[in-house]
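>>> A predicted structure for the sequence below; I have some questions about it.
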Amino acid sequence: MKYLILILLMTINGCVERKQKTDDQQTKKTEELVAEANRQIGLPNITKFTEKRFQKMIYELRDKEVSTYSYFMDMNGRLHFLCESIGYGIPAAVQYVSPKKLVANVDKGSHYGEESMPQSEPNGLFMPDSLDATYVLCVDKKGKFHPVYSEPKLIVSPFKLKSVRDLRD
């Protein structure tokens, strides 16, 4: 019985090592190809880093509690005013905690170790991988903020845009 278990463990270990060796070979070959492409072609000669500077600026502006105006677009491409808002809206699929956690892998007959599992949000619910919806903080007539959920795509602007209809009227 001891020998049978030993042979079984060696077989499982061999399968895991073989897979890792194959993955390592593919990774090594890919790295070699990318290195050769970089040697032959080189990398772009980026000197001003404009896009990175713009992205930094966008992050910093999004971090401020700026007054905004939220709109949705109808099927004819016309904008409709939704509300005065604060901030730029948050995609509904954004998660407060990491969507995955590492857990000890239960023996499934092929390997041991850790695997990635879904992790719930602090409210105990599991978020979808993607969701085409947005939360925007709309301001009521008393100046209080209220989250409004929208599945139509929103346009949130720091200045008023020309729209066909004001929902407040």
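Okay, I see it.
>>> CA atoms for contacts and neighbours, from now on please.
Noted.
>>> which residues sit in contact with the most centrally placed residue in the chain?
What sits nearest the mean C-alpha location of the chain, by CA atoms, centre = their mean, is Val94, with 6.8 Å. Neighbour list for Val94: empty [criterion: CA atoms under 8 Å, 6 or more residues apart in numbering].
>>> give me the element it is part of.
Counting by DSSP states H and E, Val94 is held by no secondary-structure element, helix or strand.
>>> separation between it and Tyr135?
As judged by CA to CA, to the nearest Å, Val94 and Tyr135 stand 10 Å apart.
>>> just Leu161 next, same as before
Taking CA to CA, one finds Leu161 at 20 Å from Tyr135.
>>> more neighbours: which of those two?
Between Leu161 and Tyr135, counting by other CA atoms under 10 Å, Tyr135 is the more crowded of the two (19 against 15).
>>> what does the pLDDT read for that one?
Tyr135 carries a pLDDT value of 94.
>>> tell me the bridge partners for it.
Ile90, Tyr149 (DSSP bridges).
>>> that one against Ser150, yeah?
Yes - using CA atoms under 8 Å, Tyr135 makes contact with Ser150 at a distance of 6.3 Å.
>>> break this structure down into its structural domains.
The chain breaks down into these domains under automatic domain parsing: 65-93+128-169, 94-126.
>>> just name the most buried of those.
Compared across the domains of the chain, domain 65-93+128-169 shows the largest average neighbour count, a mean of 16 (mean count of other CA atoms under 10 Å).
>>> worst-scoring helix or strand of the protein, pLDDT-wise?
For the chain, the helix or strand with the lowest mean confidence is strand 165-166, at a mean of 61 (criterion: mean pLDDT, DSSP states H and E).
>>> now the closest residue to Ser98 other than its chain neighbours: how far from Val34?
Among residues not flanking Ser98 along the chain, Gln119 sits closest, at 7.1 Å (CA to CA, 6 or more residues apart in numbering). With distances taken as CA to CA, Gln119 is found 35 Å from Val34.
>>> okay, now the unreliable bits of this structure?
1-20, 106-112, 165-169 (pLDDT under 70).
>>> strands along that one, start to end?
Taking DSSP state E as the test, the strands found in the chain are 67-73, 79-91, 100-105, 113-118, 134-139, 145-150, 154-157, 165-166.
>>> in a markdown table, list the ones you listed along with distance to Ile46.
Listed next are these as a markdown table, based on distance: least, CA to CA, whole Å:
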| stretch | distance to Ile46 |
| --- | --- |
| strand 67-73 | 34 |
| strand 79-91 | 30 |
| strand 100-105 | 35 |
| strand 113-118 | 37 |
| strand 134-139 | 34 |
| strand 145-150 | 39 |
| strand 154-157 | 30 |
| strand 165-166 | 45 |
